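A.B. asks: quick one: sequence and predicted model below, then my questions.
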Amino acid sequence: MKLPRKFYSKNTKIVARELLGKILVHKKCKGKIVETEAYFGKNDPASRAYMGRPKFCVKLMNDKPGKALIYMVHNNWLFNIVAHEKNETGAVLIRALEPLEGIKIMKKRRGVNDIKNLTNGPGKLTKAFGIDKRHNGLDLTKDNLFIENSNEKFEIVNTTRIGISRGKERLLRFYIKDNEFVSKK
DNA sequence: AGGAAGATCTACT
DNA sequence: GTAGATCTTCCTA
């Protein structure tokens, strides 16, 4: 079942946590979300929507929840989902997936054979799924690209965000405990 | 024109 | 496991 817009219309941190274990679907490819990070617009120096960052990021982060936000960093497309309460700003970064379907296609696109190395990083998973700027602003409640619900149970770990230069001290990173596909432990 | 960016790969200690 | 080079876009001067 596809997640409704209502799912994304909550506090960014809560959505980040609840997205764990859900299934990202793009064409023939499916992957379980195993790692996420929450980013806010204002008062978050690590956010792309902070101060003079790219306009389209700010705009989208303020837009309707449930949209895809994609931007380039160091030759890597990063995939975020706009998620926030009314009149707020925020998005959830998908940091890592566990490949479920379309693994052959992912291997071909990534040029590697090791399953564990296919989608265990924010830049890797976009490449494996064939996601790029064309998908920026896409509505995840439509058919092309969306997220499926799941009732799986697991332990969730809450830590600081990684790979950023500012705003490191906040506990806004979530991942599934003991999962092999988390980018870093 | 120059720099920064939420990363990745490779090559070492 | 850590360190350095390098990739592309967008922002500011």
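C.D. replies: Looks like it arrived, so ask away. Numbering: from 1, shown residues only, chains lettered A, B, ... in the order given.

A.B. asks: for the residue sitting nearest the centre point of chain A, which residues are in contact?
C.D. replies: Note on chain A: the residue nearest the mean C-alpha position is A:I94, at 1.9 Å, using C-alpha atoms, centre = their mean. By C-beta atoms under 8 Å, 6 or more residues apart in numbering, A:I94 lies in contact with A:19, A:24, A:33, A:35-36, A:79-81, A:122, A:125. To be clear about C-beta, it is placed using only N, CA and C from the backbone, and glycine gets the same treatment.

A.B. asks: among those, which are in helices?
C.D. replies: Taking DSSP state H, the ones among the contacts of A:I94 that sit in helices are A:19, A:122, A:125.

A.B. asks: flag the shaky bits of chain A, pLDDT-wise.
C.D. replies: A:52, A:185 (pLDDT under 70).

A.B. asks: all helices of it, in order?
C.D. replies: A:5-8, A:12-19, A:55-62, A:103-110, A:122-129.

A.B. asks: counting neighbours, what do you get for A:A128?
C.D. replies: Other residues near A:A128 number 27, with proximity taken as other C-beta atoms under 10 Å.

A.B. asks: OK, contacts around the residue lying closest to A:F56 once chain neighbours are set aside?
C.D. replies: Distances taken as C-beta to C-beta, 6 or more residues apart in numbering put A:N136 closest to A:F56, at 7.1 Å, once the chain neighbours are dropped. The neighbours of A:N136, taking C-beta under 8 Å, 6+ apart as the test, are A:56, A:60, A:68-71.

A.B. asks: ok, the residues you listed vs A:N158, which is closest?
C.D. replies: A:L69 (22.5 Å; C-beta to C-beta).

A.B. asks: rewinding a little: neighbour-wise, which one of the ones in helices among the contacts of A:I94 leads?
C.D. replies: A:L125 (30 neighbours).

A.B. asks: now do the contacts for the nearest residue to that one once chain neighbours are set aside.
C.D. replies: Spatial nearest neighbour of A:L125, excluding adjacent residues (C-beta to C-beta, 6+ apart): A:T119 at 4.0 Å. Residues near A:T119 by C-beta under 8 Å, 6+ apart: A:31, A:96-99, A:106, A:125, A:128-129, A:181.

A.B. asks: distance of A:T119 from A:F79?
C.D. replies: 11 Å (C-beta to C-beta, to the nearest Å).

A.B. asks: check A:R173 too.
C.D. replies: Taken as C-beta to C-beta, the span from A:R173 to A:F79 is 16 Å.
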